[in-house]
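Asks: need a structure here:
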Amino acid sequence: MYTWLSEISDPEIPAVSILDLGIVRDVVLADDAASVSVTITPTYSGCPAMDLISMQIRMALMSRGFKKVDINMQLAPAWTTDWITPEGKAKMQAYGIAPPIRKAKDGLGLFEEDDIECPHCHSLHTELVSQFGATSCKAMYRCLDCKEPFEHFKCH
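Replies: Residues are numbered from 1 along each chain as shown. Below you'll find the model as predicted:
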């Protein structure tokens, strides 16, 4: 079943699956094997992609014979970029998006991001252009070496 879910791409980053993002929290097959329950956690509260992702999960599983597919939205614990798999981060970079990196800032649990690597030339000589990219989960950067603009998936 996880193989089928791995075929579902994130609508905002098509190179990354919903499993790569870590939003699939649980899959439970009913005793009758005709129904399944899938628990997902949105990357952001109110994420507009969750309706589409839910529909894609339902379609993928029903097309493989499940009569009933329940989608449960789990909000706690809140999704974090720590749940993105190493494969997901590699796919983001290959797609041209700098994956999230996280460095501890202080003992208060705050984090900062430094040295955002250009996904094109791997230079650390980059600058923030805008706190927001095409979606609120990404920021716009520019590489000062290869001059290419790129998005960076922000930590949270």
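
Asks: Contacts for stretch 25-42 next, please.
Replies: Residues outside stretch 25-42 that contact it (CB atoms under 8 Å, 6 or more residues apart in numbering) are 1-2, 5, 18, 23-24, 50, 53-54, 57, 61, 65-75, 77-79. Every C-beta, even on glycine, is put in place using the N, C-alpha and C of the backbone.

Asks: gap between the two ends of that stretch?
Replies: 10 Å (CA to CA, to the nearest Å).

Asks: Please apply the same query to stretch 14-27.
Replies: First residue to last in stretch 14-27 (CA to CA) measures 22 Å.

Asks: mind listing what's buried in it?
Replies: By neighbour count with 16 or more other CB atoms under 10 Å, stretch 14-27 contains the buried residues 15-24, 27.

Asks: which one among these gets closest to P119?
Replies: Taking CB to CB as the measure, P119 lies nearest A15 of the buried residues of stretch 14-27, at 11.3 Å.

Asks: my guess is the closest one meets A90, correct?
Replies: No - look at A15 against A90 with CB atoms under 8 Å: they stay out of range, at 9.8 Å.
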